[in-house]
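Asks: Below are the sequence and a predicted model for it; my questions follow.
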2 protein chains.
Amino acid sequence: MKKLVVIGGVAAGMSAAAKARRVDPALQIEVFAAGEYISYGSCGLPYFIGGRINSKEALLARSIDKFASQSINVRILHEVKGIDLKAKKLEVEDLVRGARFEESYDRLVIATGARAIKPPMPGIDLDGIFTLRTIPDSLAIIDYLNKFQPRHAVIIGAGYIGLEMVENLQAHNCSVTVIQGAPQILPGMDPDMAEKVLNYMDSRGVEALTGTTASAFLGRGRVSSVMAGSREVPGDIVIMAVGVRPNSEIAAAAGIELGISKAIRVDQSCATSAADVWAAGDCATIRNLLTGKDSYIALGTNANKQGRVAGENAAGGSASLKGVLGTSIARIMDMEVSRTGLNEEECRQAGIEYQSHVIKSRTAAHYCPVSGEIWLKIIAAREGQRILGAQIAGFMGAGKRIDALATAITAGCTTDELMNMDLAYAPPFSPVWDPILIALDQFGK
Amino acid sequence: MKKLVVIGGVAAGMSAAAKARRVDPALQIEVFAAGEYISYGSCGLPYFIGGRINSKEALLARSIDKFASQSINVRILHEVKGIDLKAKKLEVEDLVRGARFEESYDRLVIATGARAIKPPMPGIDLDGIFTLRTIPDSLAIIDYLNKFQPRHAVIIGAGYIGLEMVENLQAHNCSVTVIQGAPQILPGMDPDMAEKVLNYMDSRGVEALTGTTASAFLGRGRVSSVMAGSREVPGDIVIMAVGVRPNSEIAAAAGIELGISKAIRVDQSCATSAADVWAAGDCATIRNLLTGKDSYIALGTNANKQGRVAGENAAGGSASLKGVLGTSIARIMDMEVSRTGLNEEECRQAGIEYQSHVIKSRTAAHYCPVSGEIWLKIIAAREGQRILGAQIAGFMGAGKRIDALATAITAGCTTDELMNMDLAYAPPFSPVWDPILIALDQFGK
């Protein structure tokens, strides 16, 4: 009987284990998870903190017992410390007992995920400064909020997690200041679209300091303010959301090749440079469908897809993932923000000549109470007008419109092919010309 | 100077006039509208009745003055009674003065729309029995609701307009019974999907009698009940929503060819069988993109698209509309229902061998308060698995997912090409595997 070992118990790891089981009912499957919780929806953590999800149990997709019933043996609080590719053995530490032991494998899936970046800044070790990546992170934040009732929250980093935290800290009666080193919020969006979101945040009383570097934290024991440029910003709780780094060290130490962003380099089958070793999720690279190049995009969607592919292949199948578009979405208070494909900067980096149009419309018929503003941007190749990317910012019903454009990009459509396509209209859902059609129409002019 | 005459002042007619003006600034443009209101959102009328839109003015997209400022001369309450194709003249009746006059044209766009079917049944002329097509229709219904405070509403016909009226009559404290002659509600959906909606209506206390023919109306002066099969159903207000018929009589009398459903037969350029005469909207046929055959689909989206094409061509341009997919959406209380492409019955009629899968999932991550049920069906060709149709029933955020599938059908995609595509995920918007991906995945098994 062959033995598959999976390192990592969250999205990619548990997807891999579950898929491997479906492919090969006879395979021995062992999972080592460094943390206490497995198979949980980490993307839900901001809403858990905000009280919109009332128990951490709700975040758990499947329990250890559920996996056990499928003969998938999960050992939590077990950290893999080293990989011996030649001997096909792992060195594992039981974090509860402190004991180390060896575990052999025939096939290995590495799904060690990523960790939040916490840069070495003066005062970083003060109480009240958090990153948010895991259930224990979120429990620590909730405890702190309840215990010290902070009133001024500072979020460092204006990506999705940072901005999703705005409403969830407001729910704890905190005013919120966002500090962003880059000149714009939402690094995946173009500046013109990010500005719509910034204006909205401003209208809702959220201060956002862009192009401003947080340099130090001040306080006695507990953080009380943040130095941002020349300003001292009051902050009795701080969320650091400046990005993540792949947990690729044990792979690298074993001699497995790393790629972009020091993530484990994998091909479309999630195979690494080492025989019988696959990698998936936030620790691994992923192919961009449009450029054909490796990218590093730590998202739950990618982790689940790669996990399945790695699991299938590790069980003897032959799955592959052609690539992804970096499609993503977030709710920022009442605003929905989404993107897919290449943005303008990514087009320039790829050397692609493009044209783009931004339109402003409504999410529903103008006379409907649910109707809100929507800005929608489409980017297409200058030659041939193949659709390359899209971005949306708007209110209820705006964000998921990105899926039609992700579909169009996957299908290789030009703006011309879709110009008069038949999208759904009724007053509560759309103007008679859906914003997507209005945007496509700009390319025909 | 050439003269374009447009017959009809709602979606198709005013789209044609506006587009013609943009194409040819010098064209003389005359519009005759039989009604009092022009350029209004008739799809909003159910919500206007329900009080969700608080003035009829909100429904008006553009005023007569606005058109006049673009040198588009609109005469309301003017009904065109006849067309002389040889002499290129119309006979027009001024409905206010009762006078008739002749109007010449160089080019003609017929956009006479459709009228609600009101079958000759015993008691049909009792007060309190309405159809809903125009602003005056809706005003009459509102007056009746306010004056007589009916408590039991009967809706005859379980298409979109009938079912959209459910919540809007409930808003006036009416209990609602729906009577549908066909064995299922929502004739555009497959029976298995229509059943989900029926179950939901039942759970919300709406009685739906399917396979039941309303045969007579009873009452003294005002309607008080409806004979439905062998039952007498109490109903002190009745909405007849059994479909529409194209207003094609003057075209037919002039010798212009009619097509399916006695609608004016047009090609992809909206040209009729007569020289210099185009037709658009609910009075005209429209090409089905998948079958290549003429169909009759009276929807605002189609009217606007055909109106533009007819207007452009009547002004000397060369526009065409490849076809439509019958994409549509409706809100039925809190449920969203949508469809695109061919349903199973339409596949059978077209002689296409197909396979289909229905999945049940959630509109958002299961742990999110906004998460609701969604049923999603995809139909694909048995050979080659080209996607042919899709249907959705579900709660908030479900319905507009149909657009990604309408895009896929327009692009000619197979299920295989899209199987692992990169759709947007965040907990408030989707499970990590969007329902579309779950449904596509069934075809790979």
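Replies: Sure thing, it's come through. Numbers count the residues shown, from 1 in each chain, chains lettered A, B, ... in the order given.
Asks: if I pick the residue nearest in space to the middle of chain A, what's in contact with it?
Replies: When C-alpha atoms, centre = their mean is applied to chain A, the residue found nearest the centroid is A:Leu299 (3.1 Å). Residues in contact with A:Leu299 (C-beta atoms under 8 Å, 6 or more residues apart in numbering or on different chains) are A:326, A:328, B:425. For glycine as for every other residue, the C-beta is placed from the backbone atoms N, C-alpha and C.
Asks: out of those residues, which are inside helices?
Replies: Among the contacts of A:Leu299, none falls in helices (DSSP state H).
Asks: export those residues to CSV and tack on neighbour count?
Replies: CSV is the format used below for the contacts of A:Leu299 (neighbours: other C-beta atoms under 10 Å in any protein chain shown):
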residue, neighbour count
A:Gly326, 24
A:Ser328, 24
B:Tyr425, 25
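Asks: what are the ranges of the helices in chain A?
Replies: For chain A, the helices defined by DSSP H cover A:11-23, A:45-49, A:64-69, A:135-148, A:160-170, A:191-203, A:249-253, A:300-314, A:344-349, A:402-410, A:415-418, A:435-442.
Asks: can you list the residues of the stretch 251-400 of chain A near chain B?
Replies: Residues of the stretch 251-400 of chain A lying near chain B by C-beta under 8 Å from any C-beta of the partner chain: A:289, A:299-301, A:304-305, A:321-322, A:324-331, A:336, A:338, A:340, A:365-369, A:397, A:399-400.
Asks: Selection in PyMOL covering whichever of those are buried, please.
Replies: Restricted to buried positions by 16 or more other C-beta atoms under 10 Å in any protein chain shown, the PyMOL selection for those reads:
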select buried, chain A and resi 289+299+300+301+304+305+321+324+325+326+327+328+329+330+331+336+338+340+365+367+368+397+399+400
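Asks: Mind checking which of the residues of the stretch 251-400 of chain A next to chain B land in strands?
Replies: A:328-331, A:336, A:338, A:340 (DSSP state E).
Asks: out of these, who's nearest chain B?
Replies: Using C-beta to the nearest C-beta, A:Ile329 comes nearest to chain B of these, at 3.8 Å.
Asks: So for the closest one, what's the pLDDT?
Replies: Predicted confidence (pLDDT) for A:Ile329: 98.
Asks: what residues are up against it?
Replies: Counting by C-beta under 8 Å, 6+ apart, A:Ile329 touches A:336-339, A:399-400, A:402, B:424-426, B:429-430.
Asks: cool, and A:Val5?
Replies: Applying C-beta under 8 Å, 6+ apart, we find A:Val5 in contact with A:30-32, A:90, A:103, A:105, A:107-109.
Asks: Poorly predicted segments of the stretch 301-445 of chain A, please.
Replies: Low-confidence segments of the stretch 301-445 of chain A (pLDDT under 70): none present.
Asks: give me that answer again for 80
Replies: Across the stretch 301-445 of chain A, residues meeting the criterion (pLDDT under 80) sit at A:445.
Asks: I'd like the distance between the spatially closest residue to A:Ser320 that is not a sequence neighbour and A:Gly44.
Replies: Nearest non-adjacent residue to A:Ser320, counting by C-beta to C-beta, 6 or more residues apart in numbering or on different chains: A:Gln268, 4.2 Å away. Separation of A:Gln268 from A:Gly44 (C-beta to C-beta, to the nearest Å) stands at 29 Å.
Asks: Give me the more crowded residue out of those two.
Replies: Using other C-beta atoms under 10 Å in any protein chain shown, the more surrounded residue of A:Gln268 and A:Gly44 is A:Gly44, with 24 against 14.
Asks: Tell me the pLDDT of that one.
Replies: We have a pLDDT of 95 for A:Gly44.
Asks: Contacts only, for the nearest residue to it once chain neighbours are set aside.
Replies: Among residues not flanking A:Gly44 along the chain, B:Pro427 sits closest, at 4.5 Å (C-beta to C-beta, 6+ apart). Applying C-beta under 8 Å, 6+ apart, we find B:Pro427 in contact with A:41, A:43-44, A:47, B:364-365, B:367-368.
Asks: 6 Å instead, please
Replies: A:43-44, B:365, B:368 (C-beta atoms under 6 Å, 6 or more residues apart in numbering or on different chains).
Asks: Look up phi and psi at it.
Replies: B:Pro427 adopts backbone torsions of phi -50, psi -40, taken as degrees, to the nearest 10.
Asks: gap between it and B:Leu290?
Replies: To B:Leu290, B:Pro427 is 35 Å away according to C-beta to C-beta.
Asks: just A:Leu198 next, same as before
Replies: Computed as C-beta to C-beta, the A:Leu198 to B:Leu290 distance reads 43 Å.
Asks: Of the two, give the one with the bigger neighbour count.
Replies: A side-by-side neighbour count of A:Leu198 and B:Leu290, using other C-beta under 10 Å, places B:Leu290 first with 24 against 21.
Asks: ok, now which ones touch A:Ala58?
Replies: Contacts of A:Ala58 (C-beta under 6 Å, 6+ apart): B:Tyr367.
Asks: now do A:Ala279
Replies: Listed by C-beta under 6 Å, 6+ apart, the contact partners of A:Ala279 are A:110, A:264, A:266, A:272.
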